[in-house]
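1. could you look at this predicted model? Sequence included:
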Amino acid sequence: MKLPLRGGCQCGHLRYEVRAEPLSVYVCHCTECQRQSGSAFAMSMMVPRLALVFTAGEPRKWSRITDRGNVLDGDFCEHCGVRVAHHPRVNDKVSILKPGTLDDTHWLVPVGHIWTRSAQSWVSIPDDGVIYEGHPTDMSRLIDAWQKRTDGS
């Protein structure tokens, strides 16, 4: 992984850089991610909020209330509709990037899975990662697991 990480939407209207190392990469199996991605799950990459900088285009905003009653703001491309990132209002220090929008995805290996109680029955979830049946109240285990992986420990 070489910083800055670069990516963008499907049509190329939105471009961004991540100018600091990711905090974690994990898979979310919640029904909202399934609906938003049109798939069985969505990958998520937690990054420091100030490290995510749009370099071309201006994202459109959309907000929703989470299952815990918090507000989650989303950035998407007004031209192709691709969701690029989420910004939890409950924690203004982090953003959740959709890492499939990165230009280089070969290094993405998730360290855990959240919302496994909503996982599709045919999805195999490895036993060796950090696993949560719902949304964790504390993301530190996912962050620690990512740090250990990237440090080579």
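-> Thanks, I have it.

2. start to end distance for stretch 16-26?
-> 20 Å (Cα to Cα, to the nearest Å).

3. which residues are contacting that stretch?
-> 1, 3-8, 43-48, 50-55, 84-85, 94, 97, 99, 108-114, 130, 139, 142-143, 145-146, 150 (Cβ atoms under 8 Å, 6 or more residues apart in numbering). From N, CA and C alone the C-beta is placed, and that goes for glycine too.

4. only the buried subset of these, as a PyMOL command please.
-> Buried residues among the contacts of stretch 16-26 (16 or more other Cβ atoms under 10 Å), as a PyMOL selection:
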select buried, resi 5+7+8+43+44+45+46+47+51+52+84+85+94+97+99+110+111+112+113+114+130+139+142+143+145+146
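
5. now the residue most central in space within the chain, what's its secondary structure?
-> The chain has S44 as the residue nearest its centroid, 2.2 Å off, counting by Cα atoms, centre = their mean. Assigned with DSSP: H, G, I helix; E, B strand; the rest coil, S44 falls in the strand class.

6. likewise for the one 10 residues further on?
-> Remark: F54 carries the secondary structure label strand [criterion: three-state DSSP].

7. so what touches the lowest-mean-pLDDT helix or strand in the chain?
-> Least confident helix or strand, the chain: helix 31-37 with a mean of 83, by mean pLDDT, DSSP states H and E. With contacts defined as Cβ under 8 Å, 6+ apart, helix 31-37 is touched by A40, F41, A42, S44, R64, R83, W115, S118, Q120.

8. D103: which of those residues is nearest?
-> Ranked by distance to D103 (Cβ to Cβ), the contacts of helix 31-37 are led by R83 at 16.9 Å.

9. one step back: among the contacts of helix 31-37, which two are most distant?
-> R64 and Q120 (21.7 Å).

10. which neighbouring elements make contact with the longest helix seen in the chain?
-> Scanning the chain for the longest helix, with DSSP state H as the assignment, gives helix 140-151. Counting contacts by 3 or more Cβ pairs under 8 Å, 6 or more residues apart in numbering; DSSP states H and E, helix 140-151 packs against strand 24-28, strand 112-114, strand 130-131.
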